[in-house]
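Novice: Here's my sequence, what's the structure:
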Amino acid sequence: MRINSVQSTNGSFLGGSWHIWLWLAALVILPFASYLSLVILVGLMVGALCQRFQAISQVLWQQGYGLLTAGLLLSACFAANAGDAWLQLANFLPYFLLIGVLSTAQRFQPPRPTLTMVAQAIVLGSLPFSILALVEYIVRFPGITAHVGDWSIFQWVFDVSFTGHRAHAKLSHPNILSNYLTIVLGLGLGLLVGQMCGTTAQPSADTRALAHSPLMTTTLSIAVVLAGIGIFCTSSRNGLIAAVILLLIAGYLVRRHRWVWLLGIVILSAIGTGLLVLGFGGRHLSLALFTDDPRVKAWQIAIDLIRQRPLLGWGLGGFSHQYVPFSVTDHERLFHPHNLWLYLACDTGIPTMVLFCWVIGRTYLAGLRRLVSHLDPTLLSYILGFTGCILFSLFDVTLFDARINVLSWFLIGGISILATPAWKNQ
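Specialist: Numbering: from 1, shown residues only. As a prediction, this is how the structure comes out:
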């Protein structure tokens with residue numbers, strides 16, 4: 001099986017560039033070997049910056065990242081803990097550069113299939129983690145643990161810092177795995193749904209490429225199904241909510257196919273049955289899972305902190321420093337308020353949070369408008385993948401994990417490229 005083999009317009013495979021293979025390798029190995037991946041990505045971005053500094057700067061300024069950077073720097077200048085605030089700028093500024101590098105790289109521009117290849121590769125690369133999550137979830141059942149708990153091959157399942165019947169597949173925490181698989185689910189659904197919609201409308205080049213590879217389509221389908229199962233195995237409530245919403249969106253887009261409705265009923269029934277029987281992480285399904293959620297208290301703390309410093313915030317990392325131990329039950333330390341918007345407003349101030357939403361939201365809405373006028377499977381996959389990130393961010397903040405951060409910003413970069421007006425007529 002090979003990744004989408006569409007050729008570029010000059011007739012050579014991706015222009016014969018080794019740069020694309022480095023990008024592809026870095027993104028695929030990101031969950032497996034994050035440090036190696038980050039080294040490759042930094043090298044690629046530094047090289048691009050040396051080659052086209054002016055173009056990158058212009059793009060970033062036009063898209064609003066210059067103003068956003070100024071807002072973050074201003075917040076850091078007046079931070080309650082300046083050292084931590086300046087250090088945590090690393091969770092933002094390098095990723096702005098990533099947007100600029102992607103937007104000015106000709107090899108990523110349509111009609112080249114680079115972004116399609118990347119989406120396919122990320123989805124296929126998730127297979128080991130989805131399988132590991134399922135194995136881990138099964139091994140954690142008490143009856144099975146009693147028999148295999150002392151096997152060295154399964155020690156990684158039990159040597160963890162979290163509690164509950166949850167899978168992490170060696171990605172440090174179940175929520176990190178859940179967010180990663182939510183991105184995968186969105187990407188995979190977009191590619192598959194785009195192909196299905198292409199059978200009733202004029203197919204695009206990417207759709208034709210997928211249609212010509214039944215093995216690729218089958219493997220993507222398997223990866224998407226396993227990603228959904230993996231999300232369930234993490235016992236992440238926000239991950240499962242995001243997954244259900246993505247499935248509902250995908251089902252609506254292909255609602256003309258009657259079998260989709262039957263499949264949707266089966267999937268939702270399976271999810272409901274699984275929750276009733278297995279619950280969330282060993283906890284039985286009940287209203288208390290949501291009304292007594294520690295996140296509610298964390299949100300209240302964040303709102304109080306925002307009221308005290310609404311303009312410039314407490315500086316990045318400010319919520320963590322202002323948090324009083326055990327203000328939230330069983331949490332001696334809390335690094336963020338489990339909501340991206342509250343986190344930004346608390347740590348950087350309301351104006352910077354609004355500016356952040358404007359910069360990212362403008363790109364996201366441009367992608368949606370482009371999608372309405374022209375169904376592009378690749379654009380659909382990136383939008384669904386990033387929609388998963390948005391939904392997940394309602395109840396958690398995972399930007400501290402570089403793996404999730406790279407994928408999230410790459411998605412918004414891909415949307416920006418595919419929605420660029422200059423390419424509408426190509």
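Novice: Need the pLDDT of residue 163.
Specialist: Per-residue pLDDT puts residue 163 at 77.
Novice: With residue 425 instead?
Specialist: On the pLDDT scale, residue 425 gets 37.
Novice: Next: residue 421.
Specialist: Residue 421 is given a pLDDT of 55.
Novice: Give me the residue ranges of this structure where confidence is low.
Specialist: Confidence mapping of the chain against pLDDT under 70 gives the ranges 1-17, 198-212, 259-260, 276, 279-292, 421-426.
Novice: Out of all residues in it, which is the farthest from the middle?
Specialist: Most distant residue from the mean C-alpha position of the chain: residue 147, 36.2 Å away (C-alpha atoms, centre = their mean).
Novice: Now do whichever strand or helix holds that residue: everything it contacts.
Specialist: Using DSSP states H and E, residue 147 sits in helix 142-148. Residues outside helix 142-148 that contact it (C-beta atoms under 8 Å, 6 or more residues apart in numbering) are 138, 139, 154, 158. (Each C-beta comes from the backbone N, C-alpha and C, glycine too.)
Novice: Dump the C-alpha coordinates for stretch 257-269 into CSV.
Specialist: Only the C-alpha atoms of stretch 257-269 are listed here, as CSV (Å, rounded to 0.1, in the frame of the first residue of the first chain):
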residue,chain,number,x,y,z
HIS,A,257,-27.0,7.2,1.8
ARG,A,258,-29.6,5.3,3.7
TRP,A,259,-27.2,2.7,5.1
VAL,A,260,-25.4,5.6,6.9
TRP,A,261,-28.5,6.0,9.1
LEU,A,262,-28.5,2.4,10.0
LEU,A,263,-24.7,2.5,10.7
GLY,A,264,-25.2,5.6,12.8
ILE,A,265,-27.9,3.9,14.9
VAL,A,266,-25.6,0.9,15.4
ILE,A,267,-22.7,3.1,16.5
LEU,A,268,-24.7,5.3,18.9
SER,A,269,-26.3,2.2,20.4
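Novice: Relative to residue 116, how far out is the nearest residue to residue 60 once chain neighbours are set aside?
Specialist: Spatial nearest neighbour of residue 60, excluding adjacent residues (C-beta to C-beta, 6 or more residues apart in numbering): residue 100 at 4.5 Å. Distance of residue 100 to residue 116, given as C-beta to C-beta, to the nearest Å: 22 Å.
Novice: Likewise for residue 222?
Specialist: Distance, residue 222 to residue 116, by C-beta to C-beta: 19 Å.
Novice: So if I had to pick from those two, which one is more boxed in?
Specialist: For residue 222 versus residue 116, the count of surrounding residues by other C-beta atoms under 10 Å is larger for residue 116: 28 against 15.
Novice: The helix or strand hosting the more buried one packs against which elements?
Specialist: Applying DSSP H and E as the criterion places residue 116 in helix 114-125. Packing partners of helix 114-125 (3 or more C-beta pairs under 8 Å, 6 or more residues apart in numbering; DSSP states H and E): helix 18-28, helix 174-198, helix 214-234, helix 377-393, helix 402-418.
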